[in-house]
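Q: I'll drop the sequence and a predicted model, then ask my questions.
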Amino acid sequence: MNTDDNDFDLIKRFHAGEDPAFNRLAAKYQEKIYWHARKMTGNHLDADDIMQEVLMVMYAKLKDFRFQSSLYTWIYKVTATRSINLLRKRKIKNFFSLNDDDNPIQISAPTDLAGDYENREKIAMIEKFLIKLPVKQREVFIMRNSEQLSYEEISQITGTSVGALKANYFHAVDKMQKLMKDVL
């Protein structure tokens, strides 16, 4: 990575008024934002909306970024918060909805990930299982497995103690195993 792609340098350049520096940061992180939101919501359109919101928040708030954490940690926290807020809104909306459908969340298999039907089926099945986890468990499970973050990094992002994160992760793994066992 050359020094022009260093987050610190790009943020400093953005602070100095160079908008192209923001474009490089957005290009660097937009895919990570999308996939974290997608795993949290289980929905392409929601993930795409969240990605756009996070990029707008980044643009508006980046000039105030003071390097108290890594940029990735900050972006991840914003993405997680937006995803959780969307899920809460959806839960409230569904509670007051007259719709009797037990599963209002429609999961579509991502066609850009795998060319064959079997892989799309596996991805869709995992997304369906993730949606069944409580939000906090889902968040920790995704961060540990998909993003391969340490408990300390997750603690920084979520503001949750390492002990609570470990408990949430244990329960998430247990529930995922039970769900998979029922299907297989």
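A: Here it is on my side, so go on.

Q: thought residue 154 was touching residue 144?
A: Yes - counting by CB atoms under 8 Å, residue 154 touches residue 144, with 7.1 Å between them. Every C-beta, even on glycine, is put in place using the N, C-alpha and C of the backbone.

Q: okay, how far is it across stretch 143-162, tip to tip?
A: End-to-end distance for stretch 143-162, by CA to CA, to the nearest Å: 13 Å.

Q: secondary structure element holding the residue nearest the centre of the chain?
A: Nearest to the mean C-alpha position of the chain, counting by CA atoms, centre = their mean, stands residue 36 at 2.4 Å. Per DSSP states H and E: residue 36 is located in helix 19-41.

Q: ok and the following helix or strand past that helix relative to helix 19-41, angle-wise?
A: Going down the chain from helix 19-41, the next helix or strand is helix 44-61, by DSSP H and E. With axes from the mean of the first three to the mean of the last three CA atoms, to 10 degrees defining the directions, helix 44-61 sits at 140 degrees from helix 19-41.

Q: give the other helices and strands that helix 44-61 contacts.
A: On a contact count with 3 or more CB pairs under 8 Å, 6 or more residues apart in numbering; DSSP states H and E, helix 44-61 meets helix 19-41, helix 71-96.

Q: so can I have a markdown table of the ones you listed showing distance to residue 165 and mean pLDDT?
A: Below are the helices and strands packed on helix 44-61 laid out as a markdown table (distance: least, CB to CB, whole Å; pLDDT from 0 to 100):
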| stretch | distance to residue 165 | mean pLDDT |
| --- | --- | --- |
| helix 19-41 | 16 | 91 |
| helix 71-96 | 13 | 78 |
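
Q: hang on, the earlier thing: check contacts around the residue nearest to the centre of the chain.
A: Residues in contact with residue 36 (CB atoms under 8 Å, 6 or more residues apart in numbering) are 76, 79, 80, 83, 142, 146, 147.
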